[in-house]
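Participant: Here is the input, now give the coordinates:
(one chain, ligands or ions: 1)
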Amino acid sequence: MAQPYVLVLYYSRHGKTEAMARHIARGVERISGMEARLRTVPAVSADCEASAATIPDSGALYCSSDDLKHCAGLILGSPVRFGNMAAPLKYFLDSTSPLWLTGALIDKPAGVFTSSSSLHGGQETTLMSMALPLLHHGMVFAGIPYSEAGLLQTQSGGTPYGASHWSGNNNQNALSEAETNLCQAQGERVARLAEALTSLNDGVPK
Ligand SMILES: Cc1cc2nc3c(=O)[nH]c(=O)nc-3n(C[C@H](O)[C@H](O)[C@H](O)COP(=O)(O)O)c2cc1C
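Facilitator: Got it, this is the predicted structure:
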């Protein structure tokens with residue numbers, strides 16, 4: 001049987017959300033037997049003639065429908081864009097109707113994470129905007145519980161809705177210790193839930 005994996009799917013233009021994704025993947029792989037699969041999505045263009053290469057120049061591969069279909073859990077990340085998720089991620093999610101029609105993601109755990117340049121510039125609304133389609137897919141939404149000390153200690157990002165990072169005006173801020181710990185804790189939590197729900201869902205047709 002193929003090794004179960006948590007899909008860490010993100011869009012990142014300046015590398016901040018990507019840096020978070022790598023810490024989340026580390027957290028996932030703290031759970032023995034669970035793999036983290038990092039995937040991204042291509043940029044979208046208003047130019048209808050434009051097309052991106054099928055394989056990105058560097059970094060994570062583009063996510064396929066099968067990557068999503070067969071995941072044991074999903075953690076979705078986007079920079080804040082006017083208080084909402086970035087268009088490339090929304091564009092990808094809008095292509096997932098076939099998975100919705102077959103209920104492929106029902107009862108799988110899911111979490112969300114984000115990065116923004118201003119501290120009160122829409123992290124929580126962005127996190128919730130990403131939660132909505134996951135709930136429509138029937139996923140089991142998991143945030144970060146307050147048993148994680150970083151939630152009370154953080155002077156920057158970190159929310160009970162999902163991990164977040166305050167990148168600063170010019171994306172000059174490095175991930176703080178609390179932000180990093182919360183990313184890893186979120187990855188570990190979703191992986192633990194994925195393991196538990198996989199055995200619960202075994203044999204349930206999708
Ligand atoms: C079109 C656009 C809209 C943005 N809107 C917001 C916003 O509403 N609030 C905010 O704090 N930052 C906003 N930002 C800044 C990004 O969220 C921030 O730079 C983020 O850390 C970038 O993440 P990345 O490095 O993964 O691309 C916006 C950036 C762009 C390009």
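
Participant: Show the average pLDDT along the helix or strand hosting Gly111.
Facilitator: Element membership for Gly111 (DSSP states H and E) is strand 109-116. Per-residue pLDDT over strand 109-116 has a mean of 98.

Participant: can the helix or strand just after it be found next to the ligand?
Facilitator: Reading on from strand 109-116 to the C-terminus, the next helix or strand found by DSSP H and E is helix 123-136. No. Judged by Cβ under 6 Å from any ligand atom, helix 123-136 stays clear of the ligand, getting no closer than 7.5 Å. Bear in mind the C-beta positions are built from the backbone N, C-alpha and C, glycine included.

Participant: Just name whatever secondary elements the strand holding Gly111 is in contact with.
Facilitator: When contacts are defined as 3 or more Cβ pairs under 8 Å, 6 or more residues apart in numbering; DSSP states H and E, strand 109-116 packs onto helix 16-28, strand 73-79, helix 123-136, strand 140-141, strand 163-166, helix 177-201.

Participant: please redo it, this time with the cut-off set to 6 Å
Facilitator: Using 3 or more Cβ pairs under 6 Å, 6 or more residues apart in numbering; DSSP states H and E, the elements in contact with strand 109-116 are helix 16-28, strand 73-79, helix 123-136, strand 163-166, helix 177-201.

Participant: Quick check: residues of this protein near the ligand?
Facilitator: Residues of the chain lying near the ligand by Cβ under 6 Å from any ligand atom: 12-18, 79-83, 115-118, 121-122, 167, 171.

Participant: Mind giving me the ChimeraX select for the residues you listed, buried ones only?
Facilitator: Buried residues within the residues of the chain next to the ligand, by 16 or more other Cβ atoms under 10 Å, are selected in ChimeraX with:
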select :12,16,17,18,79,80,81,115,116,117,122,167
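
Participant: pLDDT value on whatever residue of the chain ends up closest to the ligand, please?
Facilitator: With Cβ to the nearest ligand atom, the shortest gap between the chain and the ligand falls at Gly121, namely 2.4 Å. What the model reports for Gly121 is a pLDDT of 97.
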